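> sequence? don't have it. structure:
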């Protein structure tokens, strides 16, 4: 399936200024380096500015300061990367299934299906579950008893949603993710063995959330594990029981929140970052890759640790440079002591 739009149509949607041929046909998106005829590229990172001189893109999305020295057709807008993100949906050719319920699916008579839903092969929907209008549930997915999915949700193949999970509107969950499995709750017995703590809470997920493949969100021991509106989780993210993720927070792959940890609104966790249990991170915090948060953070900003104790990113960068100077410093000290 191919799509094509004029440069003028794209500009009107983005509210961007057109410079060049507004009737130019755009058939796809690409990077400056890889773009060819008919494709629209973008410049978001200044380190790729040199590629403007050699790109074969038919047009480029540019910020005003970069457009000044560019002679080709372009769309001029203050935030090129956001513009690229907004227009990318026009070129998404993912198959759209018409509303239907596959005969191999197993749907409990007490479950409620909204209008215009697609239920794929071998899907299981248990008692009193509720699927909102316009939802797409792909093959082999499981929706547990009393769980609900809001309107226009997308559940990819092989997703497991346990019982008593509440999911908002326009939520996308990718393949092999598990929502509402038991949290890791165990209590030590006198003999050194473990007593399972049954997880009797639930999971609540807000609107416009996206959850990557192979991500797990455990149900709460008591109360709920909560993801706010607009949360974005990468593949292979672990959200433990009773954790809370604030609105519009983004978490990269291999990161996780331990039990009862909380992270605020508009935060970013880089890859392989972790927050230990019962720790709170305030709003507007950035955790760089591999940061381990062992104490609560109450001041917005960027934090890093790597293999060092947690500190501000500014301090961490300075200390990282100094670590590389330790050998030379040790030699100088030794020489002075002789």
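Alright, I've got the coordinates. Just so it is clear, the structure is predicted and the values come from calculations on it, not from any experiment.

> how many neighbours does the closest residue to residue 239 other than its chain neighbours have?
Among residues not flanking residue 239 along the chain, residue 217 sits closest, at 4.5 Å (Cβ to Cβ, 6 or more residues apart in numbering). C-beta: built from backbone N, CA, C; applies to glycine. The local packing of residue 217 (other Cβ atoms under 10 Å) involves 29 other residues.

> can you list the strands that the strand or helix carrying residue 217 pairs with?
Taking DSSP states H and E as the criterion, residue 217 maps to strand 216-218. Strand pairing for strand 216-218, determined by DSSP bridges: strand 178-181 (parallel), strand 238-239 (parallel).

> helices or strands up against the helix or strand following that strand?
The first helix or strand that comes after strand 216-218 along the chain, using DSSP H and E, is strand 224-227. With contacts taken as 3 or more Cβ pairs under 8 Å, 6 or more residues apart in numbering; DSSP states H and E, strand 224-227 sits against strand 202-205, strand 216-218, strand 244-245.

> how about residues contacting the first one?
Strand 202-205 is contacted by residues 162, 164-168, 171, 179-180, 211, 217-220, 224-227, 231 when judged by Cβ atoms under 8 Å, 6 or more residues apart in numbering.

> let's see 6 Å
Residues outside strand 202-205 that contact it (Cβ atoms under 6 Å, 6 or more residues apart in numbering): 164-168, 179-180, 217, 219, 224-227.

> which of those sits closest to residue 69?
Nearest to residue 69 out of the contacts of strand 202-205 is residue 227 (Cβ to Cβ; 44.0 Å).

> the closest one is in contact with residue 245, isn't it?
Yes - in this structure, residue 227 is within contact of residue 245 by Cβ atoms under 6 Å, at 4.8 Å.

> one step back: what's the most distant pair in the contacts of strand 202-205?
So, the contacts of strand 202-205 by Cβ to Cβ: farthest apart are 168 and 219, at 16.7 Å.

> tell me which residues touch residue 227, please.
Contacts for residue 227 were tallied using Cβ under 6 Å, 6+ apart; they are 205, 209, 245.

> most neighbours, which of those?
Of all these, residue 245 has the most neighbours under the rule other Cβ under 10 Å, reaching 30 neighbours.

> from residue 125, how far out is the residue lying closest to residue 126 once chain neighbours are set aside?
Once flanking residues are discounted, residue 126 sits nearest to residue 145: 4.2 Å by Cβ to Cβ, 6+ apart. Distance of residue 145 to residue 125, given as Cβ to Cβ, to the nearest Å: 9 Å.

> which stretches of this protein form helices?
For the chain, the helices defined by DSSP state H occupy 7-14, 64-67, 80-88, 313-323, 326-337.

> residues in contact with the second one?
It refers to helix 64-67. Under Cβ under 6 Å, 6+ apart, the answer for helix 64-67 is 43, 74, 76.

> tell me the mean pLDDT for that helix?
Mean pLDDT, computed over helix 64-67, is 92.

> just how off-centre is it within its chain?
Averaging C-alpha positions (Cα atoms, centre = their mean, to the nearest Å) puts helix 64-67 30 Å from its chain's average.

> now it: buried residues?
When burial is assessed from 16 or more other Cβ atoms under 10 Å, helix 64-67 yields the following buried residues: 66, 67.

> show the contacting residues for residue 225.
203, 241, 242, 243.

> then residue 28?
Contacts of residue 28 (Cβ under 6 Å, 6+ apart): 39, 91.

> how far away is it from residue 80?
Remark: distance between residue 28 and residue 80 (Cβ to Cβ) = 17 Å.

> before we move on, what about residue 238?
Counting by Cβ to Cβ - residue 238 and residue 80 are separated by 34 Å.

> residue 185 now?
From residue 185 to residue 80 the distance is 47 Å (Cβ to Cβ).

> so between the two, which is more surrounded?
Neighbour totals were compared for residue 185 and residue 80, and residue 80 leads with 24 against 20 (other Cβ under 10 Å).

> so what's residue 268 bridging to?
Residues in beta-bridge contact with residue 268 (DSSP bridges): residue 250, residue 286.
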